[in-house]
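S.K.: Fold the following and give me the result.
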Amino acid sequence: MDGQTYGVRTSAMDEKCQAFESLVIYSSRFYFHEGVREACAMLIPMLLACGKQSNTLTNQMVSAVFTQLITCISTEHDATFFAS
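M.R.: I've put the predicted structure just below:
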């Protein structure tokens, strides 16, 4: 496609986007169940890998992710969470 980018919107993709937006909103207000916290932590490297593979990952995105991770690590109350 000669370097052009095409976007496809489907209702399934819109639903997934809405689910992620809901997680962001709820994460700022509530304490998550341990399983949800672990799933979110495991998702971060996968999302970074997807961004790298699709050539959409920018240095600014990586910086923002690591800044948030450092903040979360410094405020984490459950040290055993890091072992999982």
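S.K.: can you point me to the longest helix in the chain?
M.R.: helix 34-53 (DSSP state H).
S.K.: From the chain's centroid, how far away is the helix or strand following it?
M.R.: Remark: after helix 34-53, the chain's next helix or strand is helix 59-75, criterion DSSP states H and E. Per CA atoms, centre = their mean, to the nearest Å, the displacement of helix 59-75 from the mean C-alpha position of its chain is 11 Å.
S.K.: Counting neighbours, which bits of helix 59-75 end up buried?
M.R.: With burial defined by 16 or more other CB atoms under 10 Å, the residues of helix 59-75 counted as buried are residue 65. Just so you know, the C-beta spots here come from the backbone N, C-alpha and C atoms, and that holds for glycine as well.
S.K.: And for it, what's in contact with it?
M.R.: Here helix 59-75 makes contact (CB atoms under 8 Å, 6 or more residues apart in numbering) with 44, 48, 51, 82.
S.K.: so the second one makes contact with residue 57?
M.R.: This points to residue 48. Yes. Between residue 48 and residue 57 a contact is recorded at 6.5 Å, counting by CB atoms under 8 Å.
S.K.: quick one, what contacts the residue most central in space within the chain?
M.R.: Relative to the mean C-alpha position of the chain, the nearest C-alpha, by CA atoms, centre = their mean, is the one of residue 44, at 4.8 Å. Taking CB under 8 Å, 6+ apart as the criterion, residue 44 is in contact with 65, 69.
S.K.: Low-confidence stretches in the protein?
M.R.: Segments of the chain classed as low confidence (criterion: pLDDT under 70) are 1-2, 6, 8-9, 26-32, 84.
S.K.: ok so, going back, now distance to residue 66 too, for the contacts of helix 59-75, in TSV please.
M.R.: What follows is these, written out as TSV (distance: CB to CB, whole Å):
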residue	distance to residue 66
44	10
48	10
51	13
82	16
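S.K.: Most widely separated two among the residues you listed?
M.R.: With CB to CB as the measure, no two of these lie farther apart than 51 and 82, at 24.1 Å.
S.K.: Perfect, that will be all.
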